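Visitor: The following comprises the amino acid sequence and a computationally predicted model.
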Amino acid sequence: MDSPRILPCGDSALSVEFGKTIDPLINQKVQILYKRIKADPPPGLIDLIPTYRSLLIQYDPLKLSFETLKQRVFSFVGLPEGRADIGGRKMEIPVCYGKEFGPDLEEVASLHQMTVDEVISLHTASTYQVYLIGFTPGFPYMGGLDERLFTPRKTTPRESVPAGTVGIAGQQTGIYPLESPGGWQLIGRTPVRIFDLTKADPFYLRPGDQVTFKAISEQEFENY
């Protein structure tokens, strides 16, 4: 990995920056460092927060100094990449597209001068990388959207979007894990619970996962 830029964030966190753009290769470096530190955490580590291009590391300054942590980061970065560093889980997520499940699907199709079936075909043909989890608990920001589907957010956000709704915003696609306000273009809904507090690990997706979508019928949705 190339040497990153390390910046202090107050007296109990530092940011490790690998670039300035949304790019799968940059995010891969973030994910590799995240996995290495998580597998061998230094004493005093509190939390690791991966983003598109950087990793925020929170630590206890009474147990771990900035300089010590900085050198630890450089030692991890300097290691050769191995098989365990690359790639995440491969996840297939069923989606019922259109109608009440995806009220913006026809608008997205019209905007791009496509049929609804063409939009669905393009959306299910790509493999998406989960760059980060944020906005609401478990919300996956995913890159890899076909450029023919790049679509701006809604001018006026909705006050309520149902849990499981799949949307498009700009160059990304994502899934609303909880009912919440939102301004993404809504094209479908999955019956999969993306955030589930009844499970030991409530997050269905993690940064680094590779996601594909599978179109299902309304009946399959109801019977899931």
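Guide: On my side now, so go ahead. The model shown is predicted, which means the values in this text are computed figures rather than measured ones.
Visitor: Could you use CA atoms for every contact and neighbour count after this?
Guide: Will do.
Visitor: For the chain, which residues score under the pLDDT cut-off?
Guide: For the chain, residues meeting the criterion pLDDT under 70 lie at 1-2, 82-87.
Visitor: Show the residue spans covered by the strands in it.
Guide: With DSSP state E, the ranges of strands along the chain come out as 5-8, 13-17, 45-50, 54-59, 90-97, 128-133, 140-143, 158-161, 165-169, 172-175, 180-182, 185-189, 210-215.
Visitor: Who does the longest one pair with, and is each partner parallel or antiparallel?
Guide: Strand 90-97 pairs in its sheet with strand 185-189 (antiparallel), strand 210-215 (parallel), by DSSP bridges.
Visitor: Same check on the fourth one?
Guide: Strands that pair with strand 54-59, judged by DSSP bridges, come out as strand 13-17 (antiparallel), strand 45-50 (antiparallel).
Visitor: who's in contact with Phe18?
Guide: 2-5, 26, 29-30, 53-54 (C-alpha atoms under 8 Å, 6 or more residues apart in numbering).
Visitor: and it, how far is that from Ser75?
Guide: 15 Å (C-alpha to C-alpha, to the nearest Å).
Visitor: One more: Ile168?
Guide: The gap separating Ile168 from Ser75 is 38 Å, by C-alpha to C-alpha.
Visitor: that older thread, so which of the strands paired with strand 54-59 is the most packed in?
Guide: Per-stretch averages of neighbours, counted by mean count of other C-alpha atoms under 10 Å, single out strand 13-17 among the strands paired with strand 54-59, with a mean of 20.
Visitor: Find the residue closest to the residue in the chain sticking out farthest from the centre in space, skipping its chain neighbours.
Guide: Ranked by distance from the centre of the chain (C-alpha atoms, centre = their mean), the top residue is Leu62, with 32.4 Å. Distances taken as C-alpha to C-alpha, 6 or more residues apart in numbering put Gly44 closest to Leu62, at 7.7 Å, once the chain neighbours are dropped.
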